[in-house]
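Enquirer: have a look at this prediction, sequence included:
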Amino acid sequence: MSTIRFDGKIAIVTGAGGGLGKAYAKLLASRGAKVLVNDLGGDFTGQGSNPGYAEAAAADIRAAGGIAEANGDSVADTKGATAIVQQALDRWGGVDILVNNAGVVTSNGSLSDVTDESYAIDLGVAAGGTFRMMRAVWRHMMDKNYGRIVNVSSGSFFGMGSAVPYPAAKGAVIGMTRGAAVATDFLQRNIKLNVIMPISWSRMTALMGPEIESAMQRDFPPERVAPVVAWLAHEDVPCNGEIFTAGGGRFARVFIGVTEGYRGTTKDISVEDVRDHFEDAMRIEPFTIPKHALEEAGMHESSVDWSTFFQFIA
Ligand code: NAI
């Protein structure tokens, strides 16, 4: 069995000063990648900054024989995202791998108590940061016709306690990954973007309380997520636009599918038809996993030629 390596590859891992990001950066570097370790170095609610956080992680990697540099810019603003990508270009001449791991949780209370500020921070780092980093690296990857991007979502997308902004941010990450992956497929570029929903002990999981935290620490170390991220960042990864959950030694595909549903005998369905055939819409077999929005639109019988819409992708 051949060993999976990243020799010659240049990777940026955001939010890699500690937690999951550091585990991703360490694994990639241990297998030959040059890694730019980015981290703003604030707390898990997004407050503060400390360049020493990324520097310490990069130093750990170098001490273990890897190649790493630190960056303390923020992914949440365009200037920071541009500077992160520019540092990798200046230092090593390219970017092959981008892991958009930086994230914060600010608002966990009732929806009615969420402030505009905490909503903006949650979305600004996870969704805004992922978007800004993808945009900053895009021209370079398109010109080179190579790139592997791993974006970090969360199982909270399924709903989590009373939190709303955090799942919203992590849902946006799925949407932007799918959008860009459909574009690279259509344009036949060797750029693959996939999503990870990690489950791991980290300083963020302190939010769950001491009992869960000690069990998480034992069963879900970050090192049990990192191999899945590494494979999604590898040249040979076979998929684009997919979502995977990973943690505790298990990984699995997560997908968004559409049921066959109910087709009215006449197309003019009434509210009563919707009530009376609701079970048909809810039944999950058979289902389709659409490759893109036009395939989903095509599941409705019509005379529209949806394929002509692809001319809008550039
Ligand atoms: P963490 O708090 O240790 O890691 C997040 C890192 O992002 C921190 O080091 C932080 O300084 C950095 N960061 C925050 N804002 C930044 C910015 N503007 N620019 C650059 N860096 C910034 O927590 P953890 O758990 O390791 O989280 C890593 C990622 O995984 C996050 O996106 C998180 O939302 C996600 N996640 C974690 C789960 C878990 O079970 N630990 C579950 C689902 C998702």
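Expert: That came through, no problem.

Enquirer: contacting residues for the residue nearest to residue 77 when sequence neighbours are not counted?
Expert: Spatial nearest neighbour of residue 77, excluding adjacent residues (C-beta to C-beta, 6 or more residues apart in numbering): residue 132 at 7.2 Å. C-beta: built from backbone N, CA, C; applies to glycine. Taking C-beta atoms under 8 Å, 6 or more residues apart in numbering, we find residue 132 in contact with 75-78, 80-81.

Enquirer: how about the residues of this protein by the ligand?
Expert: Residues of the chain that fall close to the ligand, judged by C-beta under 6 Å from any ligand atom: 14-15, 17-21, 38-42, 44, 46, 74-76, 101-104, 125-126, 129, 152, 154, 198-200, 202-205.

Enquirer: just the buried members of those?
Expert: Among the residues of the chain next to the ligand, those classed as buried by 16 or more other C-beta atoms under 10 Å are 14-15, 17-21, 38-42, 44, 46, 74-76, 101-104, 125-126, 129, 152, 154, 198-200, 202, 204-205.

Enquirer: helices - which of those residues land there?
Expert: 19-21, 129 (DSSP state H).

Enquirer: just the closest of the residues you listed to the ligand, please.
Expert: residue 19 (2.3 Å; C-beta to the nearest ligand atom).

Enquirer: distance-wise, check the nearest residue to that closest one once chain neighbours are set aside relative to residue 103.
Expert: Leaving out its chain neighbours, the residue that sits closest to residue 19 by C-beta to C-beta, 6+ apart is residue 202, at 3.7 Å. Residue 202 is 10 Å from residue 103, where distance means C-beta to C-beta, to the nearest Å.

Enquirer: quick check: which ranges of the stretch 201-314 of the chain have low pLDDT?
Expert: 311-314 (pLDDT under 70).

Enquirer: show me the helices in it, by range?
Expert: Applying DSSP state H, counting those that start in this stretch to the stretch 201-314 of the chain gives helices spanning 210-219, 226-232, 271-276, 278-282, 293-297.

Enquirer: among those helices, which is nearest residue 176?
Expert: Taking C-beta to C-beta, helix 293-297 is the member of the helices of the stretch 201-314 of the chain nearest to residue 176, at 13.8 Å.

Enquirer: so for the closest one, what gets flagged as buried?
Expert: Using 16+ other C-beta under 10 Å as the test for burial, helix 293-297 gives 294, 296.

Enquirer: hmm, who's touching it?
Expert: With C-beta under 8 Å, 6+ apart as the test, helix 293-297 has contacts from 182, 258, 288, 290, 304, 306-307, 309-310.

Enquirer: ok, the residues you listed vs the ligand, which is closest?
Expert: Using C-beta to the nearest ligand atom, residue 182 is the member of the contacts of helix 293-297 that sits closest to the ligand, with 23.1 Å.

Enquirer: now do the strands in the stretch 51-200 of the chain.
Expert: Counting by DSSP state E, counting those that start in this stretch, the stretch 51-200 of the chain has strands at residues 67-71, 97-100, 147-152, 191-198.

Enquirer: including mean pLDDT, could those strands go into CSV?
Expert: Below are the strands of the stretch 51-200 of the chain laid out as CSV (pLDDT from 0 to 100):
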stretch, mean pLDDT
strand 67-71, 98
strand 97-100, 99
strand 147-152, 98
strand 191-198, 98
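
Enquirer: what's the most buried one of those?
Expert: Mean neighbour count (mean count of other C-beta atoms under 10 Å) peaks for strand 97-100 among those, with a mean of 30.

Enquirer: show me the contacts for the residue of the stretch 51-200 of the chain found nearest the ligand.
Expert: Residue of the stretch 51-200 of the chain nearest the ligand, by C-beta to the nearest ligand atom: residue 103 (2.3 Å). Counting by C-beta under 8 Å, 6+ apart, residue 103 touches 15, 125-126, 129, 152, 154, 169-170.

Enquirer: that older thread, okay, the helices of the stretch 201-314 of the chain, which one's buried deepest?
Expert: helix 226-232 (a mean of 23).

Enquirer: elements contacting that helix?
Expert: helix 19-30, strand 147-152, strand 191-198, strand 243-247 (3 or more C-beta pairs under 8 Å, 6 or more residues apart in numbering; DSSP states H and E).

Enquirer: who's in contact with that helix?
Expert: 4, 6, 20, 23-24, 26-28, 31, 99, 148, 150, 192, 194, 196, 198, 237, 244, 246, 251.

Enquirer: stretch 113-120 too?
Expert: Applying C-beta under 8 Å, 6+ apart, the contact partners of stretch 113-120 are 106-107, 164-165.
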